[in-house]
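Chemist: predicted coordinates and the sequence they were generated for:
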Amino acid sequence: DSGVTQTPKHLITATGQRVTLRCSPRSGDLSVYWYQQSLDQGLQFLIQYYNGEERAKGNILERFSAQQFPDLHSELNLSSLELGDSALYFCASSASGDSYNEQFFGPGTRLTVL
Amino acid sequence: GQQVMQIPQYQHVQEGEDFTTYCNSSTTLSNIQWYKQRPGGHPVFLIQLVKSGEVKKQKRLTFQFGEAKKNSSLHITATQTTDVGTYFCAGRQRGGSQGNLIFGKGTKLSVKP
């Protein structure tokens, strides 16, 4: 158990819909990262937050947005869903916002868009 | 764009054989981390390399960082069935966003008992 929690574990929805994925980082970690993992694909970095502020942005679509709240939990919002958005979405946390800290990954949310 | 290439994509070995996965970047990396993802699981941090030419060992696993800090390798000696999973390298390219690690696509290792 990494100490990072993600809800829900599974999500099945239809094209065009909007969903929210939630992540609670490890106690004490200030930075949260979101990744997308499609079948047989690597981890595509989406976005990073540090202590409530956006720190880095990857290949995140305009239909996707995220935020980190004062209690440090984070939400990833996916809207106007398409079939190709079906994937495993991981949240990870680290103590600080730099790349020298190891990242602790949550169990992931598996999104299926029908 | 920024890329970290990892080869091979798949590797099938007989238990007891050795295994190596390679990670290459077109630009210098500040650091490199290795993660393992078991089937159905999430990535788990294995190790970090920071210095040029650095070599670190964890039991049967040997990690190397190239002299030019553009490549890295993970070598497993005498694989066991518990080594099954996907191994990812991740590095931050110099000049890249401070916290942004670029992950390779991973090498999926299967071990036949």
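Modeler: Cool, got the structure.
Chemist: between the two ends of stretch B:9-24, how far is it?
Modeler: 13 Å (C-alpha to C-alpha, to the nearest Å).
Chemist: do stretch A:53-72 as well
Modeler: The first and last residues of stretch A:53-72 sit 10 Å apart, counting by C-alpha to C-alpha.
Chemist: ok, and for it, which residues are buried?
Modeler: Of the residues in stretch A:53-72, those buried by neighbour count under the rule 16 or more other C-beta atoms under 10 Å in any protein chain shown are A:55-56, A:58, A:60, A:64, A:66, A:68, A:72. (Glycine included, C-beta is placed from N, CA and C.)
Chemist: helices of chain A, residue ranges please.
Modeler: If DSSP state H is used as the criterion, chain A turns out to lack helices entirely.
Chemist: so who does the nearest residue to B:Lys51 once chain neighbours are set aside touch?
Modeler: Setting aside the residues directly before and after it, B:Lys51 is nearest to B:Phe65 in space (C-beta to C-beta, 6 or more residues apart in numbering or on different chains), at 6.8 Å. With C-beta atoms under 8 Å, 6 or more residues apart in numbering or on different chains as the criterion, the residues that contact B:Phe65 are B:32, B:49-55, B:71-72.
Chemist: which residues touch residue 9?
Modeler: No chain in the question, so chain A it is. Under the criterion of C-beta under 8 Å, 6+ apart, the contact partners of A:Lys9 comprise A:107-110.
Chemist: can you look at chain B instead?
Modeler: B:Gln9 makes contacts with B:105-108, as judged by C-beta under 8 Å, 6+ apart.
Chemist: those residues, buried ones only, as a PyMOL selection?
Modeler: Per 16+ other C-beta under 10 Å, the buried members of the contacts of B:Gln9 correspond to this PyMOL selection:
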select buried, chain B and resi 105+106+107+108
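Chemist: possible to save the contacts of B:Gln9 as a markdown table with distance to A:Thr13, secondary structure and pLDDT?
Modeler: Output for these, formatted as a markdown table (distance: C-beta to C-beta, whole Å; DSSP: H, G, I helix; E, B strand; the rest coil; pLDDT from 0 to 100):
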| residue | distance to A:Thr13 | secondary structure | pLDDT |
| --- | --- | --- | --- |
| B:Lys105 | 27 | coil | 92 |
| B:Gly106 | 27 | coil | 95 |
| B:Thr107 | 32 | strand | 96 |
| B:Lys108 | 29 | strand | 95 |
